[in-house]
Structure formats: structure tokens, C-alpha cells
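**Q** next one to model:
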Amino acid sequence: MYQMKYPNPTDDVHGIKAAGSKKKTIVLWREVVMAYAAPAIMAGIGGLVTADRNLQIGALTTIGGASALMALMIGLLLRSRVSHIRWVIGAPHLVVVGVFALAGSTFGLYAAWMTSGLLEIMIPSNHLAWVDRVWIDFPLSGFIASTIVTWRWRLAVTTNFSSKRRRKK
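**A** Numbers count the residues shown, from 1 in each chain. Okay, the predicted model is just below:
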């Protein structure tokens with residue numbers, strides 16, 4: 001007898017799911033570029049609005065530079081070691097971001113202390129105007145860059161983790 005062959009309607013659904021569940025990852029160079037550009041642009045606009053020349057210069061140097069450096073360091077840390085630590089994956093999203101934000105601002109404060117101390121030793125008689133800015137710029141840049149990079153990394157990790165868990169079921 002003749003049998004009609006009907007297409008299986010679930011074939012297309014599985015193809016769509018497979019195409020949409022590609023692994024989302026963080027691209028480090030994009031994070032570093034955005035960590036430099038976003039605060040530098042915002043601080044530069046603030047410097048233009050308030051006509052503060054030091055803020056305009058700081059936007060391109062200490063604010064943007066510290067943010068980019070912190071994003072690079074946090075990104076490398078998250079890619080290499082931290083992703084294997086259980087509490088980073090299992091803890092609530094805000095707790096992980098808060099811990100890294102606190103660590104980023106603490107590191108920024110330490111970097112400001114080291115920078116101002118080393119410059120005072122190297123150039124004792126010359127008082128540079130931008131050295132006073134590092135006490136605000138470095139911790140704030142560390143806080144913002146750590147928060148954003150950790151937030152985006154955690155979203156990518158939990159998305160990948162939950163999609164793996166769904167496929168196992």
C-alpha cells in the first residue's frame with residue numbers, strides 16, 4: 001500500500017533551538033575598549049559642560065586609562081581562574097558583582113596610593129596637578145569597570161550554564 005510521508009513538525013523547532021543556543025562569551029578586547037571609551041566620553045562631556053580643563057585631560061588619561069586597565073585585569077582574572085570557583089557560579093548575581101566591585105575599588109585605591117607615593121619619591125619638589133585626581137579617578141574607575149565586566153561575564157556564564165543544564169534534561 002501507498003504510505004504518505006508527512007514532514008515532522010519538530011525538526012524545524014530543533015534546528016531553531018540549536019541555532020539560537022550558541023555559546024555567548026565575553027570578548028576581552030571589546031570590554032577593554034568600552035571600559036576606556038565610556039567613562040572617558042562621559043567625563044569629557046562633563047569637563048566640557050563645566051569648562052574644567054583638568055577633568056577633560058583626566059577623562060583621557062587617568063579616568064579612561066584606569067578603567068581600561070581594570071577591565072583588562074578583571075577580564076583576565078575571570079577568564080582564567082575564577083570561573084572554576086564554585087561560589088562565583090552559585091552565588092546570586094548581585095553578590096558576585098558586589099564582591100568584584102568592592103575588590104575593583106579597593107585595588108583602585110591601592111593603585112592611587114602607589115602612584116602618588118612613587119611620584120612623590122621620584123619627583124619630590126614638583127607637585128603635579130593630576131596626582132590629586134588619582135585618589136578619586138582610580139577607585140571610581142576600578143569600581144565601574146569591575147562592575148560592568150563582572151556583570152556581563154556573569155550573564156554569559158549563567159546563560160551558558162543554564163543552556164547546558166537544559167540540554168541534559
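**Q** distance of the most centrally placed residue in the chain relative to Leu119?
**A** Nearest residue to the geometric centre of the chain (CA atoms, centre = their mean): Val149, 1.6 Å. From Val149 over to Leu119 the distance is 28 Å, taken as CB to CB, to the nearest Å. Every C-beta, even on glycine, is put in place using the N, C-alpha and C of the backbone.
**Q** for the helix of greatest length in the chain, what is the distance to the chain centroid?
**A** Ranked by residue count, the top helix of the chain under DSSP state H comes out as helix 129-168. Chain-centre distance of helix 129-168: 3 Å, with CA atoms, centre = their mean, to the nearest Å.
**Q** quick check: buried residues in it?
**A** Buried residues in helix 129-168, counted by 16 or more other CB atoms under 10 Å: 131, 133-134, 137-154, 157.
**Q** where exactly do the helices run in this structure?
**A** Ranges of helices in the chain, per DSSP H, are 9-20, 28-50, 53-58, 64-80, 86-90, 93-122, 129-168.
**Q** so what does the second one touch, helix or strand wise?
**A** Helix 28-50 sits against helix 53-58, helix 64-80, helix 129-168, with contacts defined as 3 or more CB pairs under 8 Å, 6 or more residues apart in numbering; DSSP states H and E.
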